[in-house]
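Q: no sequence on hand, only this structure:
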Ligand SMILES: [Fe+2]
């Protein structure tokens with residue numbers, strides 16, 4: 001019998017990571033309630049029946065007995081090098097190393113793999129929560145050296161009160177260079193409220209065979225537990241009136257918008273709270289909800305702002321600060337009583353839950369744990385990186401950025417509640433991108449890509465570089481990563497954070513529209529070194545609802561498609577070396593909200609090559625243009641080619657020359673019955689907006705995501721300026737009106753990487769902030 005044994009490490013898997021993961025800093029004591037609960041009517045862990053409903057989700061393994069003493073509540077697969085990591089969660093320890101029995105057929109699980117467990121001091125502990133609704137021990141079992149593109153079967157044995165799982169299965173990644181087409185489910189910003197349709201369609205997609213799910217940050221919205229105790233404000237509709245679970249009347253039109261069919265209104269209103277009113281329970285329940293996906297396909301994640309800490313900002317009158325800092329529920333406090341890094345319980349700071357509740361292949365790819373990593377699948381190289389910390393002017397700040405004067409550690413009131421990281425080494429100034437391990441890793445990872453094997457390179461982090469909702473963090477993202485991605489020919493950059501669907505035109509640096517790469521509004525060419533297609537996919541659904549343009553605001557001309565009204569996720573399909581398609585799957589009915597094709601020029605055949613998404617006659621090609629005309633902002637190019645390739649997204653019939661082609665399903669055709677005369681039109685640059693596709697209510701008022709606490713220095717999160725602001729001259733490294741001074745100081749932060757920094761102290765004058 002072959003025994004595959006993973007590296008058994010005493011302690012946590014974090015200890016085996018390539019980079020030591022910072023722990024939560026406890027320089028100042030936590031002075032809030034033992035268990036912060038966002039329900040002042042039923043303010044016990046289990047509720048008293050009078051407050052908000054505490055929702056439940058089935059565990060991954062149905063316990064064999066009615067009152068189990070332990071249970072496997074979550075199972076989540078991920079890729080790990082040439083194998084798979086099986087992550088599972090239980091409320092209590094196993095009393096032994098975690099293990100799985102596995103094999104190549106369901107009835108011959110002849111191999112055993114063992115792994116390691118880790119835990120953290122969560123609030124509340126699972127001893128206070130129903131056994132089947134709580135996770136406090138996290139188990140990682142890796143099975144390595146597996147055959148690519150192969151289905152394996154496994155079973156998690158019973159241990160210390162758990163019930164053994166059924167025989168489950170997973171499929172390994174295809175090896176790099178495998179030319180078979182595949183589809184990936186890409187989703188961002190998914191909580192519970194508003195996400196029911198996305199969940200349903202996502203499950204269908206998994207059953208239809210997507211290779212894996214890729215969730216680009218903002219996972220569960222556990223930190224919105226406190227939404228129910230924030231006073232309502234005109235720009236913060238996710239709220240509760242503090243005395244009962246009735247809707248506070250007449251707040252905003254957004255608040256009164258009913259939830260989609262099938263959604264469960266909880267926490268007292270249509271916006272409600274994501275499942276529960278406790279930070280950790282929100283995580284537990286969301287993960288149990290998503291079991292139907294994460295048990296079937298690898299569930300790959302990266303960090304978003306909502307994973308940083310227990311809260312992001314306070315409401316008017318410092319009600320949350322009063323609760324978390326002083327343990328006084330439902331009371332106001334002076335402005336000086338602000339949320340700090342130490343306002344959250346220690347286990348709810350610095351991405352602690354996120355670090356424990358997933359296991360990404362940072363170690364296998366030279367990255368850092370769940371924060372940045374890469375992997376190959378068939379013809380594509382996928383890069384996940386951290387848009388929240390670990391680059392200059394990151395939206396979540398390291399302590400080094402809080403320092404004043406010659407300090408080596410910040411005072412309590414100099415910190416921010418979302419302060420986090422750095423998770424990698426920082427060698428040099430925190431304001432220089434090259435100082436960061438993440439940047440250097442990205443540089444090396446991109447340089448190593450073998451484009452003959454993986455011609456497609458897709459990168460994702462949580463934060464967009466461009467959007468019609470302009471914000472200063474976007475420039476900071478561009479300053480750190482855009483040139484690198486352009487240099488290495490990243491084909492598409494995916495993100496979320498803004499809760500809508502937005503696809504830009506192919507963009508070069510400074511938002512320059514690469515007109516030559518636009519075949520039509522649904523088809524672009526890649527143009528390595530010149531442009532990248534940016535897609536914001538933040539519409540999975542969550543308590544914070546959609547982002548929308550403000551009244552009178554128009555999308556920027558960089559935006560080709562903008563949907564502000566539908567929830568859903570997207571399918572990315574790699575068809576072959578030259579054709580990628582993307583489809584926005586609406587959660588409401590599974591129909592498509594955007595069909596997009598990305599084509600690589602020049603397949604090296606010696607003939608002109610082109611592709612089209614046309615369902616009738618192909619309309620584009622490469623090769624020498626034989627005619628170009630421009631009228632009314634529409635450029636028409638006519639050319640004659642010897643052969644070309646066309647992608648048909650569905651059944652169609654068309655004639656080329658004397659030959660009629662009929663296809664019955666989505667397929668790629670190479671047409672050689674030429675010479676062929678092809679034309680394509682580009683509706684740019686003079687009137688891109690009129691020709692682009694926009695849907696949804698663009699005059700629905702403010703985003704519904706704005707915290708009302710916008711006083712100076714209140715929060716280092718997003719600083720948003722109005723759309724329409726020139727991209728190149730927008731906010732640079734600090735909010736408008738920020739003052740900057742510099743000094744050099746050493747940083748020695750407990751549990752964090754000690755670095756010497758060149759400190760720029762920013763005094764933020766925040767005019768308008770949006771948290772997504
Ligand atoms: Fe976000």
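A: Now that the structure is in, tell me what you want to look at. Just so we're clear, the structure is a prediction, and the values are computed from it rather than from any experiment.

Q: wait, residue 157 touches residue 97, no?
A: No. Look at residue 157 against residue 97 with C-beta atoms under 8 Å: they stay out of range, at 11.2 Å. (Each C-beta comes from the backbone N, C-alpha and C, glycine too.)

Q: got the phi/psi numbers for the closest residue to residue 501 other than its chain neighbours?
A: Nearest residue to residue 501, sequence neighbours excluded (C-beta to C-beta, 6 or more residues apart in numbering): residue 563, at 4.2 Å. The phi and psi values for residue 563, taken as degrees, to the nearest 10, are phi -120, psi 120.

Q: any idea how far residue 563 lies from the ion?
A: Distance, residue 563 to the ion, using C-beta to the ion, to the nearest Å: 18 Å.

Q: and for residue 598?
A: Counting by C-beta to the ion, the gap from residue 598 to the ion is 25 Å.

Q: mind checking the SS state of that residue?
A: strand (DSSP: H, G, I helix; E, B strand; the rest coil).

Q: next, count neighbours for it.
A: 24 (other C-beta atoms under 10 Å).

Q: so for stretch 189-199, mean pLDDT?
A: Stretch 189-199 shows a mean pLDDT of 89.

Q: so what's residue 157 closest to, chain neighbours aside?
A: Closest to residue 157 by C-beta to C-beta, 6+ apart is residue 164, at 5.3 Å.

Q: helix, strand or coil for the one you found?
A: coil.

Q: and it, what does it touch?
A: 61, 155, 156, 157, 158 (C-beta atoms under 8 Å, 6 or more residues apart in numbering).

Q: let me know the helix or strand that residue 149 is in.
A: Using DSSP states H and E, residue 149 sits in no helix or strand.

Q: could you tell me how many residues sit around it?
A: 16.

Q: and the nearest residue to it once chain neighbours are set aside, what's its pLDDT?
A: Among residues not flanking residue 149 along the chain, residue 174 sits closest, at 4.4 Å (C-beta to C-beta, 6+ apart). pLDDT for residue 174: 98.

Q: swap in residue 239?
A: 56.

Q: what residues are up against the residue nearest to residue 149?
A: Per C-beta under 8 Å, 6+ apart, neighbours of residue 174: 148, 149, 180, 182, 211, 377, 378.

Q: thinking again about what came up before, give me the number of residues near the residue nearest to residue 501?
A: Counted with other C-beta under 10 Å, residue 563 comes out at 21.

Q: wait, doesn't it sit right on residue 592?
A: No. Taking contacts as C-beta under 8 Å, residue 563 lies outside contact range of residue 592: 10.8 Å.

Q: low-confidence stretches in the stretch 151-300 of the chain?
A: Filtered on pLDDT under 70, the stretch 151-300 of the chain yields the residue ranges 228, 231-276.

Q: can you name the residue of it nearest to the ion?
A: As assessed by C-beta to the ion, the ion sits closest to residue 218 within the stretch 151-300 of the chain, at 4.3 Å.

Q: which residues touch that residue?
A: So residue 218 contacts 188-191, 304-307, 462, 496-497, 538, 542, 772 (C-beta under 8 Å, 6+ apart).

Q: ok, the closest residue to it other than its chain neighbours - how many residues close by?
A: Leaving aside its chain neighbours, residue 218 sits nearest to residue 304 (3.6 Å; criterion: C-beta to C-beta, 6+ apart). The number of residues packed near residue 304 is 30, by other C-beta under 10 Å.

Q: contacts only, for residue 304.
A: Residue 304 touches 188, 189, 216, 217, 218, 219, 388, 462, 496, 497, counting by C-beta under 8 Å, 6+ apart.

Q: now with 10 Å, please.
A: 188-190, 215-221, 351, 354, 386-388, 461-463, 495-497, 538, 772 (C-beta atoms under 10 Å, 6 or more residues apart in numbering).

Q: out of these, list just those in strands.
A: Within the contacts of residue 304, residues falling in strands by DSSP state E are 215, 495.

Q: hang on, residue 467 packs against residue 507?
A: No. With contact defined as C-beta atoms under 10 Å, residue 467 does not count as touching residue 507 (11.1 Å).

Q: these two: who's more crowded?
A: Neighbour totals were compared for residue 467 and residue 507, and residue 467 leads with 27 against 24 (other C-beta under 10 Å).

Q: report the buried members of the contacts of residue 174.
A: Neighbour-count burial (16 or more other C-beta atoms under 10 Å) applied to the contacts of residue 174 gives 149, 182, 211, 377, 378.

Q: as a markdown table, those residues with secondary structure and distance to residue 403 would be great.
A: Formatted as a markdown table, the buried ones among the contacts of residue 174 follow (DSSP: H, G, I helix; E, B strand; the rest coil; distance: C-beta to C-beta, whole Å):
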| residue | secondary structure | distance to residue 403 |
| --- | --- | --- |
| 149 | coil | 51 |
| 182 | strand | 47 |
| 211 | coil | 45 |
| 377 | strand | 42 |
| 378 | coil | 47 |
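
Q: could I get those as TSV with distance to residue 196?
A: As requested, those are exported to TSV (distance: C-beta to C-beta, whole Å):
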residue	distance to residue 196
149	33
182	27
211	24
377	29
378	31
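
Q: near the ion too, which of these?
A: Contacts with the ion are made by none of the buried ones among the contacts of residue 174, judged by C-beta under 5 Å from the ion.

Q: how about the residues of this protein near the ion?
A: So the chain meets the ion at 218, 304, 305, 497, 772 (C-beta under 5 Å from the ion).

Q: which ones are touching residue 189?
A: By C-beta under 10 Å, 6+ apart, the contact set of residue 189 is 195, 198, 215-219, 221, 304-306, 462, 495-500, 536-542, 544, 547, 567, 772.

Q: out of these, which sit inside helices?
A: Judged by DSSP state H, helices contain the following of these: residue 198.

Q: which of the contacts of residue 189 are buried? Put it as a ChimeraX command.
A: Selecting only the buried entries of those in ChimeraX, with 16+ other C-beta under 10 Å as the criterion:
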select :195,198,215,216,217,218,219,221,304,305,306,462,495,496,497,498,499,500,536,537,538,539,540,541,542,544,547,567,772
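
Q: dump the contacts of residue 218 to JSON lines, plus distance to residue 474.
A: Output for these, formatted as JSON lines (distance: C-beta to C-beta, whole Å):
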{"residue": "188", "distance to residue 474": "15"}
{"residue": "189", "distance to residue 474": "16"}
{"residue": "190", "distance to residue 474": "22"}
{"residue": "191", "distance to residue 474": "23"}
{"residue": "304", "distance to residue 474": "15"}
{"residue": "305", "distance to residue 474": "14"}
{"residue": "306", "distance to residue 474": "18"}
{"residue": "307", "distance to residue 474": "20"}
{"residue": "462", "distance to residue 474": "12"}
{"residue": "496", "distance to residue 474": "13"}
{"residue": "497", "distance to residue 474": "10"}
{"residue": "538", "distance to residue 474": "13"}
{"residue": "542", "distance to residue 474": "21"}
{"residue": "772", "distance to residue 474": "12"}
